[in-house]
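Undergrad: here is a sequence with its predicted model. Questions after.
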Amino acid sequence: MLYAAFAVAERGNADIVKIDSTDAMKYPGVVKVLTAMDIPGVNNINPNANVDQEEALASAKALFAGQPVAVVVGSSQTAAEEGAKLVKVTYANAQTPILTCRDAIDAKSFFPSIPDMVIGDAPTAIKNAPSRVKGVLEIGSQMHFYMETQAAVCTPTDDGMDVESGTQWVDWVQGGVAQCLGVKKNLINVSVKRIGGAYGGKISRGNIIACGAALAAHAVNKPVKMFQSLWDSAKMIGKRNPYYVEYEAGFDANGKLAGIITNVYANCGQTATESPVSAVTLWGDNGYNCPNWKVSMTNCKTNLPANTWTRAPGSTESIFFIEYIMEHIAQTLGKPSIDVKRANFYKNGDRTITGQPLKDFTLAELTDSFLTSASYRQRLQDAATFNLNNRWRKRGISVTPMKYGSTWNGNNFNCFISIFHSGGTVAVSHGGVEMGQGINTKVAQVVAYELGIPLDLVSIKPNFSLTNANANSTGGSVTSELVSLAAINCCSQLKARIDPIKNTMPNASWSDIIEACFVKTIDLSARSWIAPKTTGDDAPVNYNTYGVTCTEVELDVLTGEHQITRMDVIHDCGESMSPLVDVGQIEGAIVMGLGYYTSEELVYEKTTGALVTYSTWKYKPPTTKDIPIDFRVQILQNSSNPSGVLRSKLVAEPPLCMTCSVVFALREAIKAARDEISQGHDWFQINAPMTVEKVQQYCLPDIAQFTYN
């Protein structure tokens, strides 16, 4: 086994004049150094001709700092990594990198335009509205921060290559490796048993590592392993898209919306292939009925790695945008924000921004009962009393309701089940990837339930490109549902074959029934392919799920530090297929969202574009002390979902969309601090993440205030 590591560009937005591997080859243990000219196939990791090209190894231009320029193969991981550091790149025509949406706007650096979403006449509605608000907001990026970094092992075979990849998308890796090697796709065998976290970062980004390892294995004709350090992964792999948004809204004295205009700019990095900016046309209304919309969407081209899907991509930000606007309206009217939000809730029969009529809208009732169970009104008064009695510590409380549309369109998955005679044990291989979300647990439970057998008879096997060919990526929170649906179909096929034998053996055990089927040459394997599509009024949302979150914070005005003293969360899982798994997903999504909105900030060096916050010395994901002190999570009881699999609802991503409540709870605490100096009445812009430094500055501290009474 040999090892490989990438040599990377140290700056972005510059031409590459020369790549010198002389010193690298002198390092003990270095076997070979590969550059773009050594690629036998196409220098492109993306196998779909309809998406932007991404070079496996930069050939003529360094688009961003951290871009791979060479693969160094060594006898050990240390040899490969140290050799990679010795590869020298000579640059020319270096330009100041474009790093932010504002940079891109100034430079007019955009990808091809996207049609506006227009519903009604928003400009006229806003002009004629009794009241109006206007402003801007910015929200940053987020690293995936999976516990297992990007990795792949590639082994040459007599007719192709075996690839073990830590990917969310087996088919994409298979196509990308075949393309780079210049061989047919059926000569590449890809498998993945499980991966140590992903959050979207291993959907397409896994191809960077898989193709690098495959090129190395092909060149030396030996097995090659490539895995990245957290630091290298942070520098090379794209992240959640940052946004810059301009907005305007019109409303009446009760806060009832008349019209909304937004200009949404998404920072895409070097390609726009995975931009989720259009998600605002699906989730941008949250649970609020606004008759007039104009939404402009722009993908900004910057000198960053291609930003990519990150847990709840687009939906998280879209819900944050509308919640921010609702908070602005509420402060303008001097009303609690939840009252303004409540006044704008949809009713069943209303059409959402997708044009679909709502048939299952329960958010109003859910919010009302939640406010009671969370003692919101009393706690709101208690926070106000606390703030009156404390100059340098302030509390804030905020409620975020959520409507989240589940979309099945565009997804396709399969399942293969075999029942073995001599015991009746069952093996399942499905098109999804286990990455900690509990998909294997749910599928095994579904199969055991459908076949009527003990769970310990069911074993989930790795996802393999042969048995699960052409399956989509595991993402969007729908994969557990859809592979479970495929598994149900497989079980239906098997039961149709087994039942005639079973009916003749009323007292026989499962093992005996299967043995009898085997003797009678019954086929005990089944395959199912699921590619659901909704049409007409039901497109693109298959069903909605709902939730509400209430966050209470206590803020130290002098330092900007805060604690979440209590957080109440309720989420609608329908009839949960696995309640313990679902509660864990809710908790994990919430904590990931808290990091996104409060502590995880990415900083880049302005002249080179190099990531400064590539390690946990400066990049701060949430830890034990960031979890709410009083954390109350519950699944909605007595719920169901006739449109779901076994009446369940998706869960992995939606709860993250509600965690923006922490931003607005902090805002309420900051407002209380500013009220002390008569600066809290007017609306003030806040940008996420709400880091300690930002929060302290938003409180407008001044040394003249630091006096004893």
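TA: Received the coordinates, thanks.

Undergrad: which residues of this structure score low on pLDDT?
TA: 535-538, 708-709 (pLDDT under 70).

Undergrad: for the residue most central in space within it, which non-adjacent residue is spatially closest?
TA: Centroid-nearest residue in the chain: Arg311, 1.6 Å away (criterion: C-alpha atoms, centre = their mean). Closest residue in space to Arg311, ignoring its immediate chain neighbours: Tyr199 at 4.4 Å, by C-beta to C-beta, 6 or more residues apart in numbering. C-beta coordinates here come from the backbone N, C-alpha and C atoms, glycine included.

Undergrad: please report phi then psi for that neighbour.
TA: phi 60, psi 30 (degrees, to the nearest 10).

Undergrad: is it true that it touches Glu148?
TA: No. If you go by C-beta atoms under 8 Å, Tyr199 and Glu148 don't touch, sitting 11.7 Å apart.

Undergrad: which one's more surrounded, those two?
TA: Between Tyr199 and Glu148, counted using other C-beta atoms under 10 Å, Tyr199 has the larger neighbour count: 28 against 15.

Undergrad: contact partners for the more buried one?
TA: Contacts for Tyr199 (C-beta atoms under 8 Å, 6 or more residues apart in numbering) come out as His144, Phe145, Tyr146, Thr310, Arg311, Met592.

Undergrad: and those residues as CSV, adding secondary structure and distance to Pro357?
TA: Putting the contacts of Tyr199 into CSV (DSSP: H, G, I helix; E, B strand; the rest coil; distance: C-beta to C-beta, whole Å) gives the following:
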residue, secondary structure, distance to Pro357
His144, coil, 37
Phe145, coil, 40
Tyr146, coil, 39
Thr310, coil, 31
Arg311, coil, 29
Met592, helix, 33
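
Undergrad: now render those residues as JSON lines, adding distance to His430.
TA: Formatted as JSON lines, the contacts of Tyr199 follow (distance: C-beta to C-beta, whole Å):
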{"residue": "His144", "distance to His430": "23"}
{"residue": "Phe145", "distance to His430": "27"}
{"residue": "Tyr146", "distance to His430": "21"}
{"residue": "Thr310", "distance to His430": "24"}
{"residue": "Arg311", "distance to His430": "21"}
{"residue": "Met592", "distance to His430": "25"}
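
Undergrad: so Val458 sits against Val426, correct?
TA: Yes. Using C-beta under 8 Å, Val458 is in contact with Val426, at 4.8 Å.

Undergrad: so what's in contact with the two at the same time?
TA: Common neighbours of Val458 and Val426 (C-beta under 8 Å, 6+ apart) are Val447.

Undergrad: where along the stretch 501-650 of the chain do the helices fall?
TA: Residue ranges of the helices in the stretch 501-650 of the chain, as given by DSSP state H, counting those that start in this stretch, are 510-519, 579-598.

Undergrad: how about the first one: buried residues?
TA: What that stands for is helix 510-519. Of all the residues in helix 510-519, those buried under the rule 16 or more other C-beta atoms under 10 Å are Trp510, Ile513, Ile514, Glu515, Ala516, Cys517, Phe518.

Undergrad: dump the helices of the stretch 501-650 of the chain to a markdown table, plus distance to Gly396.
TA: Formatted as a markdown table, these follow (distance: least, C-beta to C-beta, whole Å):
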| stretch | distance to Gly396 |
| --- | --- |
| helix 510-519 | 58 |
| helix 579-598 | 13 |
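
Undergrad: and the ones you listed: which comes nearest Gln174?
TA: Among the helices of the stretch 501-650 of the chain, helix 579-598 comes nearest to Gln174, with 28.4 Å by C-beta to C-beta.

Undergrad: buried ones only from the contacts of Tyr199, please, as a PyMOL command.
TA: Remark: buried members of these, expressed as a PyMOL selection using 16+ other C-beta under 10 Å:
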select buried, resi 144+145+146+310+311+592
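
Undergrad: just curious, which of the contacts of Tyr199 is nearest to Gln685?
TA: Of all these, Gln685 sits closest to Thr310, with 24.1 Å by C-beta to C-beta.
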